[in-house]
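Asks: Next come a sequence and a model predicted from it.
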Amino acid sequence: MDVAKYKAILTERQRELHGRLHKIEEDFEQPRNPDDDDRAVERNNDEVLEELGEAGQKELAAIDAALDRIAAGTFGTCVKCGDPIAEGRLDVVPHTPFCQTCAAAI
């Protein structure tokens, strides 16, 4: 397995998420429109941004954990059963801590 390839993918995604989360934070700091209709739209947008921010934070935590596993030399090994994680699965979800069997059981 080419761990360097996954480290590069994870590091790039980590960078993208940090940038996206920073933009979401900046948007929340913008002054609100005094118009009632526009404010209602902004509140709906804020809810969407908040959900995106939460999803981004969760993915970022998973990426950080995957990078920790790379540093520890355990990347690519299921944290639940200890079996290898298929490269095809890592290609799709490089931050996954679980093999396909254990992920399906959760």
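Replies: Cool, the structure landed.
Asks: for the record, mean pLDDT for whichever helix in the chain runs longest?
Replies: Ranked by number of residues, the top helix in the chain under DSSP state H is helix 36-72. Averaged across helix 36-72, pLDDT comes to 82.
Asks: most centrally placed residue in this structure?
Replies: E59 (1.7 Å; C-alpha atoms, centre = their mean).
Asks: R69: how many residues sit nearby?
Replies: Look at R69: counted by other C-beta atoms under 10 Å, it has 19 neighbours. In this view, the C-beta of every residue, glycine as well, is placed from N, C-alpha and C.
Asks: so is the nearest residue to it once chain neighbours are set aside in a helix, a strand, or just coil?
Replies: Among residues not flanking R69 along the chain, F75 sits closest, at 4.2 Å (C-beta to C-beta, 6 or more residues apart in numbering). Three-state assignment for F75 (DSSP: H, G, I helix; E, B strand; the rest coil): coil.
Asks: neighbours around F75, how many?
Replies: 22.
Asks: For it, give me its contacts.
Replies: V3, Y6, A66, R69 (C-beta atoms under 8 Å, 6 or more residues apart in numbering).
Asks: Next: G73.
Replies: With C-beta under 8 Å, 6+ apart, G73 has no contacts at all.
Asks: State the distance from it to M1.
Replies: 12 Å (C-beta to C-beta, to the nearest Å).
Asks: OK, contacts around V3?
Replies: By C-beta under 8 Å, 6+ apart, the neighbours of V3 are I70, F75, G76.
Asks: no wait, A86
Replies: With C-beta under 8 Å, 6+ apart, A86 has these contacts: C99, Q100.
Asks: ok, the residue nearest to the centre of the chain to I85 distance?
Replies: Applying C-beta to C-beta to E59 and I85 gives a distance of 17 Å.
Asks: T77 now?
Replies: Here the criterion is C-beta to C-beta. By it, T77 lies 7 Å from I85.
Asks: neighbour-wise, which of the two wins?
Replies: I85 (22 against 16).
Asks: how about the more buried one, what does it touch?
Replies: G76, T77, C78, T96, F98, C99, Q100.
Asks: Next, the contact list for the closest residue to the second one other than its chain neighbours, please.
Replies: Excluding the flanking residues, the one nearest T77 by C-beta to C-beta, 6+ apart is P84, at 6.1 Å. When contacts are counted by C-beta under 8 Å, 6+ apart, P84 touches G76, T77, C78, C99.
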